[in-house]
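1. would you be able to build a 3D model of this:
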Amino acid sequence: QIIWTEHYHEYDRSTIATAFGDVLIVIHPLPNGLYRIKIDQTSQTTNFGPLFDGAIVDKLILPELVRATAINASRARRTTLNNHCDFYEERHRIINSIIHKHKRETTYEEFLAQSSTPLAAKTLVRRYTWQDLKVGKPNRKDSQTTK
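-> Numbering: from 1, shown residues only. All right, here's what the predicted structure looks like:
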């Protein structure tokens with residue numbers, strides 16, 4: 001969580017009670033225009049940055065540093081969870097499931113023949129005969145008289 005406090009006392013963690021506040025980034029504005037950063041952690045999360053506890057930061061760079069620190073704190077906290085899976089491991093698992101679901105045993109030549117053969121003539125266009133339509137074949141006289 002990112003907390004902005006203009007009070008001269010240290011921020012009390014119990015002010016906002018939450019189950020998700022493993023890392024608090026508390027920003028204190030100073031009278032000289034700079035900002036003091038307090039990093040408060042409940043668990044033994046590994047070090048993350050670029051901000052650290054007690055850092056003094058200029059307002060021009062404050063937003064970028066707070067954002068980067070929040071992202072890094074979230075990543076550091078996630079790695080301590082039991083069921084944590086990195087993005088590349090998740091991507092690998094999904095790609096393998098797609099491969100197992102859709103793979104077919106074929107030779108390279110068969111694959112090329114299947115991928116270059118048009119399917120429209122085989123599956124999309126149905127050819128009807130006069131018997132399918134249950135209509136007699138028109139003779140020339142009938143077709144000439146209707147014109």
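2. tell me the pLDDT of the residue positioned nearest the centre of the chain.
-> The chain has F87 as the residue nearest its centroid, 9.1 Å off, counting by CA atoms, centre = their mean. We note a pLDDT of 81 for F87 in this prediction.
3. D40 against E10, yeah?
-> No. Using CB atoms under 8 Å, D40 is not in contact with E10, being 9.1 Å away. C-beta: built from backbone N, CA, C; applies to glycine.
4. between these two, which one's more packed in?
-> Each of D40 and E10 has its neighbours counted (other CB atoms under 10 Å); D40 has more, 16 against 11.
5. you'd agree that one is in a strand?
-> Yes. The assignment for D40 is a strand, going by DSSP: H, G, I helix; E, B strand; the rest coil.
6. how about it: what's its closest non-neighbour residue?
-> L24 (4.1 Å; CB to CB, 6 or more residues apart in numbering).
7. which SS class is the one you found?
-> Counting by three-state DSSP, the backbone at L24 sits in strand.
8. need the pLDDT of it.
-> 88.
9. residues near it, how many?
-> L24 has 18 neighbours, counted by other CB under 10 Å.
10. who touches it in this structure?
-> 1-3, 11, 13, 38-41 (CB atoms under 8 Å, 6 or more residues apart in numbering).
11. how much space between it and N32?
-> Distance from L24 to N32, counting by CB to CB, to the nearest Å: 24 Å.
12. what do you get for E6?
-> Distance, E6 to N32, by CB to CB: 14 Å.
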